[in-house]
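Asker: how would this look folded up:
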Amino acid sequence: MVIRFYGTRGSVAVANKETKKYGGNTTCLYVESNSGDAVVIDAGTGIRELGSHLVENKKNIIHLIFTHYHWDHIQGFPFFAPIFLDKTEIYIYGHKKDVTAKKALIYQMTKPYFPATLSEIPSNIVFKELEDRMKIGDLLIETIINNHPDYTYGLKF
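Answerer: Numbers count the residues shown, from 1 in each chain. Below you'll find the model as predicted:
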C-alpha cells in the first residue's frame, strides 16, 4: 500500500515561505492498494495535483471517499482532471446524514459559480453510501465517527 499526502491544511489553502516545506493545499490523501486500486480521501485543493498524477498513470477507475462536506474537503473537486475524461469511472462515497455527496457537489458546481455543472462532466460517476466497513479491491476500510462539527468520519485501513 502507498499513501501520499496532497493536502493537509484545514479551512483555507495558503502559499507562503512558512508553508513551502509541507505545502499549503487543503485535505486530499491518496492511497494505492497493493493491487493498484486508486483511493482518494477528500477533494481539497490538493486533488488538482493528484488528478494530474492519476491521468499520467492511466488510473481510469478511481474511488473518492468524502470524510465530510466542509468546503476545505470538497473545494478542489471541480479542478480534478479525471472528471473531465469520458473513460474515467469515479465511485464517490459519502454519508447521507444531512446532505448527500451528490447534492454537495451539485451545489458546488452550479452556474455562475463554476462553468460546468456536475451533470455536464463526461466521466461516469457513481455515488455510494459510506458504510461502517467496506472493501475496495484488497483494502478493508472501516469508518469511525469523529468529534468534529457536522457529520465527519475517520477512516481506518
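Asker: wait, what's in contact with Thr26?
Answerer: Shown in contact with Thr26 (CB atoms under 8 Å, 6 or more residues apart in numbering): 7, 9-13, 44-46, 72-73, 75-76. For every residue, glycine as well, the C-beta is placed using N, CA and C.
Asker: Which ones among the residues you listed map onto strands?
Answerer: The strands, defined by DSSP state E, take in Gly7 from the contacts of Thr26.
Asker: Tell me the pLDDT of Asp98.
Answerer: For Asp98, the model assigns a pLDDT of 82.
Asker: Now do the SS call for the nearest residue to it once chain neighbours are set aside.
Answerer: The shortest distance from Asp98 to any non-neighbouring residue, by CB to CB, 6 or more residues apart in numbering, is to Tyr151 (6.3 Å). Using DSSP: H, G, I helix; E, B strand; the rest coil, the secondary structure recorded for Tyr151 is coil.
Asker: May I have the phi/psi pair for Tyr151?
Answerer: phi -90, psi 120 (degrees, to the nearest 10).
Asker: So among the contacts of Thr26, which ones count as buried?
Answerer: Neighbour-count burial (16 or more other CB atoms under 10 Å) applied to the contacts of Thr26 gives Gly7, Arg9, Ala13, Gly44, Thr45, Gly46, Asp72, His73, Gln75, Gly76.
Asker: any idea which of the residues you listed is closest to Asn124?
Answerer: When these are compared for distance to Asn124 (CB to CB), Gly76 wins out at 19.9 Å.
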